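Colleague: predicted coordinates and the sequence they were generated for:
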Amino acid sequence: MVYECRRQSILQLFEDKPRLNVCAPMVRYSKNAFREVLRDYNVDIAYTPMILADVFKSSEFARQDYTTNDRDCPVVVQFAAHDPIDLAHASQIIAPFADGIDLNCGCPQKWAYKEKIGAYLSDRPEIVHEMVRAVKAVVNIPCSVKIRKHPTNPHITVELVRRAQMMGVDWITIHGRTRHQKSTEPVDYDIIRLVKESVYVPVLANGGIFSLADANAMYDNTGVDGVMAARGLLQNPALFAGYEHTPLACVEKYVNCALAYGTPTSIMHHHIMYMMEATMSSVERRSFNCLTSTPAILDHLAHYYGVQCTLI
C-alpha cells in the first residue's frame, strides 16, 4: 500500500451521473497501472483484483501487492472472505487507502467455492448479512457486494440482495450468469432487472460488455445505474469512450504506466496482447507472444507502431 491520499465519494458519483462505467475486479490485471489508463477513457470506478481477506490482514508482504495514489480515484478494493472478523480486520487496514470495499460473492472458480468464498456465498444470504454488518461496523467508507445469478432459484438471489441492503450495503453488482455458465452464453437481463426492481440502492450490471453498444443495451433492458466490464476492457480499455479498438495512445499510456509502477514483464506483455489482438495479424501475434523481455517488447512497439515508451 502507499500513503493515504485524497479519496472520492462513490455515492456522490451515483447521485451525479445516471450511468456509471466500471472496471471489474480481474485477477492479476486490474492493478494500478491499468486502472490509471482506464480513467482517461470514461471509466468512472475501478476495482482491484480480488484479495483474500484472511491473507491480507495477516501478511505485510501480501499488503504490498496493493498500491494506489492520487490519480487512482475512486477505487474499490474487493475482498473474498468467509469469516466476518477477517473481513472486518482487512477492511480496517485498507479503508484509508480506498474509496469503497466490495465483498466477492460471485467468483465461480472451483477452488474458491471449496474455500467457501466467492459464489459459495451467493445462496447463503445469512452469511453475507453478517459480513456486511461486520464491515459497516468498523469503517466509514461504502461497502458493496458482487453476486451472480443463482443457478436455479431467482428468489434466492432476491433474498440475498435484500438482506445485504437491510444491513446497509451501499450498492450491488450482479453478474447475469450463474457460476456454471460459460462466458459465451447470453447474459440474463431478466434477473438483473429483477434485482434492480427489488432494492432501492444502486445496482451495477456485469457480463457481456464488449462495446458501448453492449453497455447501452444493458441499460435499456435492465434500468441499472451502471455497467461493469472485465474482458471487454482488457481487449479495449477505451470501449466506454466509444472506440471500437484500442487506440495506440492507450497502449503507449499503459506501457509507460506499467514501467513507472514496476509491473512485471509477463503482466505487461499479456495486457498488450489483449489490447492489440484486433490490430496484429496472426503471424505477428505468434511472434509477439514469444517476446520475453521488456526491451524486446518496447522495440517491437516502437518499430511497428511508433509507440514511444521509456524504459526506466
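Modeller: Okay, I see it.
Colleague: residue ranges with poor pLDDT in this structure?
Modeller: Along the chain, segments meeting pLDDT under 70 span 1-7, 311-312.
Colleague: so Val55 makes contact with Arg63?
Modeller: No: at 9.2 Å, Val55 does not count as touching Arg63 under the criterion of CB atoms under 8 Å. Yep, even glycine has a C-beta here, placed from its N, CA and C like the rest.
Colleague: the host helix or strand of Ile172 - contacts with which helices or strands?
Modeller: Using DSSP states H and E, Ile172 sits in strand 171-175. Under the contact criterion of 3 or more CB pairs under 8 Å, 6 or more residues apart in numbering; DSSP states H and E, strand 171-175 touches strand 143-148, helix 154-166, helix 189-198, strand 203-206.
Colleague: so can I have a markdown table of those showing mean neighbour count?
Modeller: Below are these laid out as a markdown table (neighbours: other CB atoms under 10 Å):
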| stretch | mean neighbour count |
| --- | --- |
| strand 143-148 | 26 |
| helix 154-166 | 19 |
| helix 189-198 | 19 |
| strand 203-206 | 26 |
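Colleague: can you list those in JSON lines and add distance to Val27?
Modeller: Output for the helices and strands packed on strand 171-175, formatted as JSON lines (distance: least, CB to CB, whole Å):
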{"stretch": "strand 143-148", "distance to Val27": "14"}
{"stretch": "helix 154-166", "distance to Val27": "23"}
{"stretch": "helix 189-198", "distance to Val27": "23"}
{"stretch": "strand 203-206", "distance to Val27": "15"}
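Colleague: so for Val224, which of those sits nearest?
Modeller: Set against Val224 and scored by CB to CB, those come closest in strand 203-206, at 4.4 Å.
Colleague: strands paired with that closest one, and their directions?
Modeller: Using DSSP bridges, strand 203-206 pairs in its sheet with strand 171-175 (parallel), strand 226-229 (parallel).
Colleague: export the strand holding Ile172 to CSV, keeping only CA atoms.
Modeller: What follows is strand 171-175, C-alpha atoms only, in CSV (Å, rounded to 0.1, in the frame of the first residue of the first chain):
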residue,chain,number,x,y,z
TRP,A,171,-24.7,-0.7,-3.9
ILE,A,172,-24.9,-4.1,-5.5
THR,A,173,-23.3,-5.6,-8.6
ILE,A,174,-24.9,-8.6,-10.3
HIS,A,175,-23.4,-10.8,-13.0
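Colleague: can you give the distance of that strand from its chain's centre?
Modeller: Centroid separation for strand 171-175 versus its chain: 12 Å, with CA atoms, centre = their mean, to the nearest Å.
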